[in-house]
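J.: what follows is a protein structure lacking sequence information:
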Ligand SMILES: Nc1ncnc2c1ncn2[C@@H]1O[C@H](COP(=O)(O)OP(=O)(O)OP(=O)(O)O)[C@@H](O)[C@H]1O
């Protein structure tokens, strides 16, 4: 199967990319002016806000500490942190303070503090916060490593870790284990792994699986396609199996464990993986372990039927739908002792953090908390270390680094030439090929164009209904279709077999999204190609982030990126002691210029509902409810 395309001189219907919402063409200069105008407006708002805050804080001095209300989401400022940075700088200038390195770092600390505020509510229940409950010990499990492994000295453990490029941080870290057999998985699981061609653990699995089996809270960071899903699903299955054997659950009980993730497609994929293993166990004579998929866009009654009839052991969910079920008391977390946030940084980020906080409010007792991702800004790591119980950080590669098995190519393509060039670019490799773009409208237009050109393509974005989305993913996964055109909805976690080529039709503004997108290829030891179109429309901070990522991964840096003036070349470490941005982890800018902070503020101003519904301005909202 390969894409055989003939290039055709047809001009794309219109220049869809430089249009405003009314469909009128807006030249770059004008768009920049408008952006500048919006910035000035926001700054005016900041002045007003800060004046108000000053007045309020004078007033607050004579007030008592407010009570923490259960179920109350934390209040978030709707002033851009970029603008706050601007204000902080301005005040310092007015006070005659030099904006040298040390003041820059003070500004960064202040911004980081402000940016981290909301997420702090996310992993602790309101009742625990109100009563000041802190758990001192990890969850107890019955799992112990085999004797010869338990006897390993710290030096021996470190030797294994350094050989596998595993970094760890935390107290009493269980030893790494190099085989699934020694992790004590039953033969039924070992055979199911073999059937998937999985015979030995990947580095993240070597260290994180023993930690999870031992009941420890984990922050797991490893590059895309490195087997993180198995890392948290296998221990969960063993845990619920043990619970079921001890005391079988009955109708309306459960779940024992929850996996939360940012997109319906990702959760559907994880659900299938869990089902594969639980049915392998069932076939081998173990008790039936039941899982439920709680995602938006599907009939609630179907989803609840199982829990009403028999009870469920594992819930795999997107936060919106799961929160609904909990709030309406259709489910509860009374027995739940295990929660995993897949794509954890996204789950703690704006748009999901309040949902996650609301879900954690339903915990009645201690649970084991796991957070996994390929990208994990330092602020999330710091915060997670603060709120998790004796957490262990397991890190394989720098958080946010690109997968080294992906050949990254960056090409300067003029905006109006992109669509035609896309056809040529599709010929670089055999299918399957994934094309990403930022806007839903562009996804539709490119999809239509490819169909017109005879390419077997499907598309997904948050504006499509769930049936269409499922059909598109299934057709692409099974090889019926050669090309999938998608927004970032398909960027995180989806494991398509053997993707040869990822094309970024446009460069994402946030570098984390770039890392996830290109990570759909080059998975688990295979290699792949990623091509990214850039042009003058791409903001400079995104280009600088990209340049640094290419350098880090020893990829070719195109002249246009090399020529960029790069303030980070001489830059000191940031407020968290790492390089680059302390907020998003991008290597090409500091927090004071972070595009993500500004984008977050814009999303808040645009209204959370809009953002969550994926309806905003045609951008690829996850629509994950
Ligand atoms: N130990 C292993 N050996 C070989 N293949 C594995 C192993 N563990 C997992 N895989 C396979 O590797 C692929 C990628 O795994 P997975 O989807 O868990 O990656 P990930 O780290 O979660 O990636 P992402 O960051 O994109 O979510 C899957 O097809 C999975 O079956």
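T.: Arrived safely. As the structure is a computational prediction, the values presented were derived from the model and not from experiment.

J.: helix, strand or coil for the residue of the stretch 451-600 of the chain found nearest the ligand?
T.: With Cβ to the nearest ligand atom as the measure, residue 524 is the residue of the stretch 451-600 of the chain nearest to the ligand, at 3.3 Å. In short, each C-beta sits where N, CA and C put it, glycine included. When classified by DSSP: H, G, I helix; E, B strand; the rest coil, residue 524 comes out as coil.

J.: tell me the confidence at it?
T.: Looking at residue 524, its pLDDT reads 89.

J.: what residues are up against it?
T.: 202, 225, 226, 227 (Cβ atoms under 8 Å, 6 or more residues apart in numbering).

J.: ok, which stretches of this structure are strands?
T.: Taking DSSP state E as the criterion, the chain contains strands spanning 166-169, 218-222, 257-260, 291-294, 314-317, 338-342, 368-373, 392-396, 406-412, 433-436, 457-460, 483-486, 501-504, 528-534.

J.: can the third one be found next to the ligand?
T.: No. Remark: strand 257-260 sits outside contact range of the ligand, by Cβ under 6 Å from any ligand atom, the gap being at least 11.7 Å.

J.: that strand: partners in the sheet, and parallel or antiparallel?
T.: strand 314-317 (parallel), strand 338-342 (parallel) (DSSP bridges).

J.: now the shortest one, how far from the chain's geometric center?
T.: Yep, that's strand 314-317 we're talking about. With Cα atoms, centre = their mean, to the nearest Å as the basis, strand 314-317 stands 18 Å off its chain's centre.

J.: how is this structure partitioned into domains?
T.: Described in terms of automatic domain parsing, the domain architecture of the chain consists of the residue ranges 142-396, 406-571.

J.: nearest to residue 586, of those?
T.: Comparison of the domains of the chain against residue 586 by Cβ to Cβ identifies domain 406-571 as nearest, at 4.0 Å.

J.: centre of the chain to the closest one, how far?
T.: On the basis of Cα atoms, centre = their mean, the separation between the geometric centre of domain 406-571 and that of its chain is 17 Å.

J.: list the buried residues in stretch 458-470.
T.: Under the neighbour-count criterion of 16 or more other Cβ atoms under 10 Å, stretch 458-470 has 458, 459, 460, 461, 462, 463, 464, 466, 469, 470 buried.

J.: coming back round to it: Throw the domains of the chain into TSV and include distance to residue 126, thanks.
T.: Below are the domains of the chain laid out as TSV (distance: least, Cβ to Cβ, whole Å):
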stretch	distance to residue 126
domain 142-396	5
domain 406-571	28
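
J.: from the ligand, how far out is residue 168?
T.: Between residue 168 and the ligand the distance is 18 Å, computed by Cβ to the nearest ligand atom, to the nearest Å.

J.: do residue 366 as well
T.: Counting by Cβ to the nearest ligand atom, the separation of residue 366 from the ligand is 26 Å.

J.: which residue packs closest to that residue, ignoring adjacent ones?
T.: Using Cβ to Cβ, 6 or more residues apart in numbering and skipping the chain neighbours, the partner closest in space to residue 366 is residue 135 (4.8 Å).

J.: one more: residue 431?
T.: Excluding its sequence neighbours, the residue lying closest to residue 431 (Cβ to Cβ, 6+ apart) is residue 482, at 3.6 Å.

J.: what score does the one you found have for pLDDT?
T.: pLDDT, residue 482: 97.

J.: wait, it touches residue 455, no?
T.: Yes. With the criterion set as Cβ atoms under 8 Å, residue 482 and residue 455 qualify as a contacting pair; they are 6.5 Å apart.

J.: who has more neighbours out of those two?
T.: For the pair residue 482 and residue 455, the greater number of neighbours falls to residue 455 (22 against 19), based on other Cβ atoms under 10 Å.

J.: low-confidence ranges, the protein, go.
T.: Judged against pLDDT under 70, the low-scoring parts of the chain cover residues 1-121, 569-578, 599-625.

J.: quick check: residues of it near the ligand?
T.: With the criterion set to Cβ under 6 Å from any ligand atom, the chain comes near the ligand through 196, 198, 201-202, 205, 222, 224-230, 374, 493, 495, 519, 523-524.

J.: can you do 5 Å?
T.: Counting by Cβ under 5 Å from any ligand atom, the chain comes close to the ligand at 198, 201-202, 224-230, 374, 493, 495, 519, 523-524.

J.: for residue 131, give its distance to the ligand.
T.: Taking Cβ to the nearest ligand atom as the measure, residue 131 and the ligand are separated by 36 Å.

J.: what of residue 125?
T.: If you measure residue 125 against the ligand using Cβ to the nearest ligand atom, the figure is 27 Å.

J.: pretty sure residue 535 is touching residue 411, no?
T.: No. Taking Cβ under 8 Å as the contact criterion, residue 535 and residue 411 are not neighbours in contact, 9.4 Å apart.

J.: in helices, which of the buried residues of stretch 458-470 fall?
T.: Filtering the buried residues of stretch 458-470 for membership in helices, criterion DSSP state H, returns 466, 469, 470.

J.: which residues sit in contact with the second one?
T.: Read it as residue 469. Residue 469 sits in contact with 264, 265, 297, 460, where contact means Cβ under 8 Å, 6+ apart.

J.: any chance of CSV for these, columns distance to residue 423?
T.: Formatted as CSV, those follow (distance: Cβ to Cβ, whole Å):
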residue, distance to residue 423
264, 31
265, 26
297, 32
460, 21
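
J.: which of these sits closest to the ligand?
T.: Sorting the contacts of residue 469 by how near they are to the ligand, with Cβ to the nearest ligand atom, puts residue 265 at the top with 11.8 Å.

J.: neighbours of the closest one, how many?
T.: The number of residues packed near residue 265 is 26, by other Cβ under 10 Å.

J.: residue 123 is in contact with residue 353, isn't it?
T.: No. Under the contact definition of Cβ under 8 Å, residue 123 does not touch residue 353, with a separation of 9.7 Å.

J.: which one's more surrounded, the two?
T.: When residue 123 and residue 353 are compared for neighbours, residue 123 comes out ahead with 27 against 22, by other Cβ under 10 Å.

J.: take the strands of the chain and lay them out in JSON lines including distance to residue 512.
T.: Rendered in JSON lines, the data for these read as follows (distance: least, Cβ to Cβ, whole Å):
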{"stretch": "strand 166-169", "distance to residue 512": "20"}
{"stretch": "strand 218-222", "distance to residue 512": "12"}
{"stretch": "strand 257-260", "distance to residue 512": "18"}
{"stretch": "strand 291-294", "distance to residue 512": "26"}
{"stretch": "strand 314-317", "distance to residue 512": "23"}
{"stretch": "strand 338-342", "distance to residue 512": "15"}
{"stretch": "strand 368-373", "distance to residue 512": "9"}
{"stretch": "strand 392-396", "distance to residue 512": "16"}
{"stretch": "strand 406-412", "distance to residue 512": "15"}
{"stretch": "strand 433-436", "distance to residue 512": "13"}
{"stretch": "strand 457-460", "distance to residue 512": "20"}
{"stretch": "strand 483-486", "distance to residue 512": "17"}
{"stretch": "strand 501-504", "distance to residue 512": "13"}
{"stretch": "strand 528-534", "distance to residue 512": "15"}
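
J.: of all these, which lies closest to residue 474?
T.: Proximity to residue 474, assessed across the strands of the chain by Cβ to Cβ, is greatest for strand 457-460 (9.3 Å).

J.: packing partners of that closest one?
T.: helix 440-452, helix 466-477, strand 483-486 (3 or more Cβ pairs under 8 Å, 6 or more residues apart in numbering; DSSP states H and E).

J.: pairing partners for that strand, with directions?
T.: Under the criterion DSSP bridges, the sheet neighbours of strand 457-460 are strand 483-486 (parallel).

J.: pull the residues that contact the strand it pairs with.
T.: Defining contact as Cβ under 8 Å, 6+ apart, one finds that strand 483-486 is touched by 3, 426, 431-437, 443, 446-447, 450, 455-461, 472-473, 476, 490, 496, 620.
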